[in-house]
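[1] Got a predicted model here, sequence first, then my questions.
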Amino acid sequence: MPAILDDVCAPIFGQFPVTVRNVAEIIGERHSPELVLTRQALWGMLTEVTGGPFTENLKNCLSAYLEARMPHWEAKVTQPKLPTITGRPSQPGARTRRRRTPDLESSRQRLGLVDALATELATLKRDLEGFCTVEGLKAKYPQFILWQHIQHAELKELVTGEPFALKAYAETLTLRKFGITSRETLKKDRRKLKLSRTNPGAPRS
């Protein structure tokens, strides 16, 4: 606390001159008995180069005020902080979170589409070995779901003799259908379905 008082009230080197001049400028030329006395005291402090009654009076008032506030500040510092609650406490009777189970239905849909497309592509491959057209293939096999997943330009490439692997081509069309970019998803699908047949209660890996 002495250091604070010295910094505020030191006439030349401390914050004192700046504070006094700022307060005096804020008061300005307003006229009232209290303001006149305050202004006189402020300008009197500025003339006390080495200290004097005005500065000493200010120092005594500040000292009394700060000493009165010390117990309050000490209590604030020593007051223990309450622990931060990072999670919601469990409530009696609250339902526990259900164990996550594999999405087997999505896996079956993806692998089912792969198998269906691979079968239809195998049928088309025999026709593609000879002369054929896109329109002719669609007319010959109108029930194929392949037409819903292959683009016209892709089908035209197959008709013109573009080589392809049945399974890989079927997987590519399936991944595009489901918005998937990695074939690893299909490998996981196969593992999940195999695991579900041998251990129905096994969790997702």
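    Right, received. Where do you want to start?
[2] Give me the local confidence score for the closest residue to residue 149 other than its chain neighbours.
    Distances taken as Cβ to Cβ, 6 or more residues apart in numbering place residue 173 nearest to residue 149, at 4.6 Å, with adjacent residues excluded. All C-beta spots, glycine's among them, are computed from the backbone N, C-alpha and C. Residue 173 carries a pLDDT value of 96.
[3] helices and strands around the strand or helix carrying residue 173, which ones?
    For residue 173, the element it lies in under DSSP states H and E is helix 166-177. Judged by 3 or more Cβ pairs under 8 Å, 6 or more residues apart in numbering; DSSP states H and E, the packing partners of helix 166-177 are helix 104-128, helix 184-198.
[4] Repeat the analysis, applying 7 Å as the threshold.
    Helices and strands touching helix 166-177, by 3 or more Cβ pairs under 7 Å, 6 or more residues apart in numbering; DSSP states H and E, are helix 104-128.
[5] and this structure, what are its domains?
    2-74, 104-198 (automatic domain parsing).
[6] Would you check that residue 196 makes contact with residue 107?
    No - checked against Cβ atoms under 7 Å, the pair residue 196 and residue 107 is beyond contact range at 8.7 Å.
[7] Looking at the two, which is more packed in?
    More crowded of residue 196 and residue 107, by other Cβ atoms under 10 Å: residue 107, with 19 against 16.
[8] Now do the phi/psi pair for residue 162.
    phi -60, psi 120 (degrees, to the nearest 10).
[9] And it, how close does it get to residue 129?
    Distance of residue 162 to residue 129, given as Cβ to Cβ, to the nearest Å: 13 Å.
[10] So in this structure, where's the weakest helix or strand by average pLDDT?
    Least confident element among the helices and strands of the chain, by mean pLDDT, DSSP states H and E: helix 2-9 (a mean of 62).
[11] separation between residue 110 and residue 38?
    Applying Cβ to Cβ, the value for residue 110 to residue 38 is 84 Å.
[12] Show me which of those two is the more surrounded one.
    residue 110 (20 against 15).
[13] coming back round to it: can you dump the C-alpha atoms of the helix holding residue 173 in PDB for me?
    This file holds the C-alpha atoms of helix 166-177, laid out as PDB (Å, rounded to 0.1, in the frame of the first residue of the first chain):
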ATOM      1  CA  LEU A 166     -16.800 -56.900 -62.900                       C
ATOM      2  CA  LYS A 167     -16.300 -56.600 -59.100                       C
ATOM      3  CA  ALA A 168     -14.200 -53.400 -59.200                       C
ATOM      4  CA  TYR A 169     -16.700 -51.700 -61.600                       C
ATOM      5  CA  ALA A 170     -19.700 -52.800 -59.500                       C
ATOM      6  CA  GLU A 171     -18.000 -51.500 -56.300                       C
ATOM      7  CA  THR A 172     -17.200 -48.100 -58.000                       C
ATOM      8  CA  LEU A 173     -20.800 -47.600 -58.900                       C
ATOM      9  CA  THR A 174     -21.900 -48.600 -55.400                       C
ATOM     10  CA  LEU A 175     -19.500 -46.200 -53.700                       C
ATOM     11  CA  ARG A 176     -20.800 -43.400 -55.900                       C
ATOM     12  CA  LYS A 177     -24.400 -44.200 -55.100                       C
END
